[in-house]
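Asker: sequence and predicted structure are below.
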Amino acid sequence: MILDDVFPPDPRVENEAITLVNSGYEVFLFCLHNGNQKTNELVNGIKVRRYKYSKLTYKLSALSYDLPFYKMIMKPKINHFIKNNDINFLHIHDIRIAEAVFEANKKHQLKTVLDLHDNIPENMKFYPHLNKFPGKYIISPNKWRKKENEFILKADKIITVSPNFAEKINKKNNIETKKMVVVPNTVRQSFYKDAIYSDIIKEKYSNKFVVLYLGDTNIRRGLQTAIRATELLSKKIANFKLVIVGQNTTDSILKEETKKLNLESFIDFEGWQDVSLFPSYITSLQKYSTRCSVCK
């Protein structure tokens, strides 16, 4: 598996990898080093291999299909990973690193799986840095879309997160249905069966009416609507609290909206939290699950 990010956390990558491990596969994960992690490590049966990267490399990843530098940096790292771990199949997580993988694979000719976590070219329309100078003029979503289509045709299998996304890809690229696999972002049973609950979170929200959001907080997720609704709900529901667990580069927009509406006391931005804490946040909803007359 090839992931151009640090690991953990990445629940989707981890869930897919553990499923393969439990099915008898030996799974090696190429990922990036945050400076405080081991280069080689076994995580839940996954053989993690971390490669160093710089802040400059991270910034260049945003220009993956506008300038060639990111591909040039990542290609030799991927070559090293394939050669040193005797890899037989490649599973690429998202398109940002895909070209570097396909370039490196010219030497090895391995079967490839392209896992599209998101419709990145479409999502790019919502990135703040692409709506102002200089990003607006140097990063092209159209180039990313063309590259995505190119990789879809090159890959031996395509994984998407939803049936609708899979249908769009099939229609646009005229590929065989059997080439496509839908893997939704569902949790493993251990997520709730083996959950350990935090007393700190329980106490923090013990007397609150919680509306909870977990995950990527990009503005395309609709959180601005939730924030604006808080202005009304906080007046109608005693002890109302909107709790946002997650992060994105667009968080400053959400916090600015919150401040503008004077809602800081009704909205908690918890940032990204370890996935093991998610059940603790979810249980904060249960005591009010059937008691909200406003929400009916």
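Answerer: Okay, I see it. Numbering: from 1, shown residues only.

Asker: tell me the buried residues in stretch 39-53?
Answerer: For stretch 39-53, the neighbour count (16 or more other CB atoms under 10 Å) marks 46, 47, 48, 49, 50, 51, 53 as buried. For every residue, glycine as well, the C-beta is placed using N, CA and C.

Asker: so for the helix or strand where residue 113 lies, what gets flagged as buried?
Answerer: Taking DSSP states H and E as the definition, residue 113 sits inside strand 111-116. Residues 112, 113, 114, 115, 116 are the ones in strand 111-116 that count as buried (16+ other CB under 10 Å).

Asker: and the last one, how far is that from residue 24?
Answerer: Right, residue 116. As judged by CB to CB, to the nearest Å, residue 116 and residue 24 stand 25 Å apart.

Asker: for stretch 32-41, what is the average pLDDT?
Answerer: Across stretch 32-41, the average pLDDT comes to 90.

Asker: check stretch 113-126 too.
Answerer: 79.

Asker: now do stretch 78-89
Answerer: In the prediction, stretch 78-89 has an average pLDDT of 97.

Asker: distance from it to the middle of the chain?
Answerer: The chain centroid and the centroid of stretch 78-89 are separated by 24 Å, computed with CA atoms, centre = their mean, to the nearest Å.

Asker: just stretch 91-106 next, same as before
Answerer: 17 Å.

Asker: start and end of it, how far apart?
Answerer: In stretch 91-106, first residue to last residue: 15 Å (CA to CA, to the nearest Å).

Asker: contact partners of that stretch?
Answerer: With contacts defined as CB atoms under 8 Å, 6 or more residues apart in numbering, stretch 91-106 is touched by 1-4, 10, 12-13, 16, 61, 64-65, 70-71, 74-76, 78-79, 82, 90, 112-118, 120, 144, 147-148, 151, 154-155.

Asker: now it: buried residues?
Answerer: Here stretch 91-106 shows 91-105 as buried, counting by 16+ other CB under 10 Å.

Asker: got it, and stretch 238-247?
Answerer: 240, 241, 242, 243, 244, 245, 246, 247.

Asker: pop out the phi and psi values for the last one.
Answerer: This points to residue 247. Here is the backbone geometry of residue 247 (degrees, to the nearest 10): phi -160, psi 160.

Asker: ok, the nearest residue to it once chain neighbours are set aside - contacts?
Answerer: Distances taken as CB to CB, 6 or more residues apart in numbering place residue 272 nearest to residue 247, at 4.5 Å, with adjacent residues excluded. By CB under 8 Å, 6+ apart, the contact set of residue 272 is 9, 245, 246, 247.

Asker: my guess is the third one contacts residue 212, does it?
Answerer: No - contact criterion CB atoms under 8 Å: residue 246 and residue 212 do not qualify, at 10.6 Å.

Asker: residue boundaries of the strands in the stretch 1-150 of the chain?
Answerer: Ranges of strands in the stretch 1-150 of the chain, per DSSP state E, counting those that start in this stretch, are 2-6, 28-33, 40-43, 46-52, 89-93, 111-116.

Asker: many thanks, have a good one.
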